[in-house]
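*Asks:* return atomic coordinates for the entry below.
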Amino acid sequence: MTGSQNSDWKMNDPYDSQGEIRQYSQNKQLNKLLKNVVKEVKRYAESQIEHIKRCAEIGKALSKERDISKLLEMIVGEARAMSNADGGTLYIITETKTALRAEILQNASIPTKTTSAIPNVPLYIDGKENHSNVSSHVALTGEIVNIPDVYMADGFDFSGTRKYDQTTAYCSRSMLVIPLKNHEDRIIGVLQLLNAQDMETGEVIPFSPEYVDLIASLASQAAVALTNTRLIQSLRDQIIRIKKGAEIGKALSVGDDINQLLEMIVDEARDMSRADAGTLYIMEKDKRHLRVEIFQNDTMKTRMDTTGPEQIALPNAPLTLPHVPLYNEDGSPNHSQISSYVALTGKIINVAD
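*Replies:* Reported below is the predicted structural model:
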């Protein structure tokens with residue numbers, strides 16, 4: 001740099017004691033440009049510091065929250081606030097690890113939080129990884145996908161997004177999809193943010209790369225908090241089951257009311273497996289038939305225990321629960337019915353569908 005150029009620059013603090021910007025250069029155009037640059041750098045630095053502070057605060061809040069529903073709402077809300085996104089959807093990988101299930105839906109333009117209308121996103125189709133859907137792709141690969149305009153994007157199938165827009169009269173444009181990866185480096189869900197907005201004009205803009213790392217950090221914190229909360233809930237459930245098991249054991253030792261005991265067993269089995277219905281069969285004295293002893297069904301709002309004819313009164317017609325034969329007429333084992341097969345073989349059967 002020459003001496004004349006050196007004289008144009010003020011290398012000291014650009015602010016005076018009153019906080020006013022000093023001259024950077026004797027050249028007015030250059031000075032104006034430098035003032036704008038400093039202003040933008042200052043604004044960016046302040047916003048980054050604010051976001052980092054907010055991330056720390058969010059981390060503390062996430063670690064304290066034990067209600068999973070509130071925790072998930074908090075994750076989406078904070079990510080939207082950080083990126084100024086109009087909408088956000090949080091997907092969780094299902095227990096079978098075959099699909100993404102929408103748990104949280106937030107949208108400032110469409111005030112609804114109902115996720116029931118959002119179908120599950122399959123992670124696999126015909127046994128192959130589903131990379132056509134952006135959310136399943138992120139869940140499978142752990143990549144972050146930032147799309148400026150979903151209607152102009154290549155590589156993913158956005159027919160579901162277009163259908164959503166047609167149904168709700170919404171206009172999806174920019175999209176940011178981030179994996180929820182916990183401390184074990186395991187992906188447990190996906191955060192999808194929609195339509196970043198300009199702070200001043202409200203115009204829909206692409207998601208700024210400067211916020212991606214911060215939101216990814218938030219998503220990681222959220223995944224750890226969610227994993228820990230699930231673990232705590234699982235431990236609590238186990239304690240409850242142990243207590244219930246002790247109650248059943250006590251009831252067995254007393255043996256006052258056998259039907260009440262059987263009801264407790266079915267109740268506990270349904271609770272542990274989150275089953276809507278349960279049936280308990282007792283083998284007849286002839287050891288050739290199974291008799292329905294306990295029948296419970298929440299959807300049908302029915303609970304029954306019986307030692308006589310198995311009929312349940314329903315609004316339209318009675319439901320008959322016949323005895324289950326253990327053997328066919330020719331004397332061969334009845335393996336065609338699940339209950340008789342289990343009774344004869346002692347095997348556990350788990351039917352998915």
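*Asks:* let me know the pLDDT of R162.
*Replies:* Here the pLDDT value assigned to R162 is 89.
*Asks:* wait, what's in contact with it?
*Replies:* R162 makes contact with 151, 172 under the criterion CB atoms under 8 Å, 6 or more residues apart in numbering. To be clear about C-beta, it is placed using only N, CA and C from the backbone, and glycine gets the same treatment.
*Asks:* that's a helix at it, yeah?
*Replies:* Yes. Under DSSP: H, G, I helix; E, B strand; the rest coil, R162 sits within a helix.
*Asks:* could you measure it against E203, distance?
*Replies:* 21 Å (CB to CB, to the nearest Å).
*Asks:* same question for I282.
*Replies:* I282 is 69 Å from E203, by CB to CB.
*Asks:* between these two, which has more neighbouring residues?
*Replies:* Each of I282 and E203 has its neighbours counted (other CB atoms under 10 Å); I282 has more, 14 against 10.
*Asks:* doesn't E293 make contact with the more buried one?
*Replies:* Yes. Using CB atoms under 8 Å, I282 makes contact with E293 at a distance of 4.4 Å.
*Asks:* what do the two both touch?
*Replies:* With CB under 8 Å, 6+ apart, I282 and E293 have no common neighbours.
*Asks:* ok, longest strand in this structure?
*Replies:* strand 187-197 (DSSP state E).
*Asks:* and the residue nearest to V134 when sequence neighbours are not counted, what's its pLDDT?
*Replies:* Closest residue to V134 apart from its sequence neighbours, by CB to CB, 6 or more residues apart in numbering: F156 at 4.5 Å. We note a pLDDT of 94 for F156 in this prediction.
*Asks:* and if you look at the one 10 residues further on?
*Replies:* The predicted structure scores Q166 at 88 on the pLDDT scale.
*Asks:* helix or strand for it, which one?
*Replies:* Using DSSP states H and E, the element containing Q166 is helix 159-168.
*Asks:* dump the residue contacts of H289.
*Replies:* H289 makes contact with 283, 323-326, according to CB under 8 Å, 6+ apart.
*Asks:* which residues does it bridge with?
*Replies:* Note on H289: beta-bridge partners P325, judged by DSSP bridges.
*Asks:* centroid-nearest residue for the protein?
*Replies:* The chain has I92 as the residue nearest its centroid, 2.7 Å off, counting by CA atoms, centre = their mean.
*Asks:* so H335 sits against Y341, correct?
*Replies:* Yes. Contact criterion CB under 8 Å: H335 and Y341 qualify, at 4.7 Å.
*Asks:* higher neighbour count, the two?
*Replies:* Shown here are H335 and Y341; by other CB under 10 Å, Y341 has more neighbours (16 against 13).
*Asks:* the more buried one contacts Y327, correct?
*Replies:* No. Counting by CB under 8 Å, Y341 does not reach Y327; the two are 11.8 Å apart.
*Asks:* list residues touching both of those two?
*Replies:* Going by CB under 8 Å, 6+ apart, residues that sit against Y341 and also against Y327 are 333-334.
*Asks:* have a look at the contacts of H289 and tell me the least confident one.
*Replies:* pLDDT is lowest at H323 among those; the value there is 86.
*Asks:* which residue is the nearest non-sequential neighbour of it?
*Replies:* Leaving aside its chain neighbours, H323 sits nearest to H289 (4.3 Å; criterion: CB to CB, 6+ apart).
*Asks:* please apply the same query to D276.
*Replies:* Closest to D276 by CB to CB, 6+ apart is D298, at 5.2 Å.
*Asks:* ok, K287 next?
*Replies:* Distances taken as CB to CB, 6+ apart place L326 nearest to K287, at 7.2 Å, with adjacent residues excluded.
*Asks:* domain map for the protein?
*Replies:* 28-232, 258-345 (automatic domain parsing).
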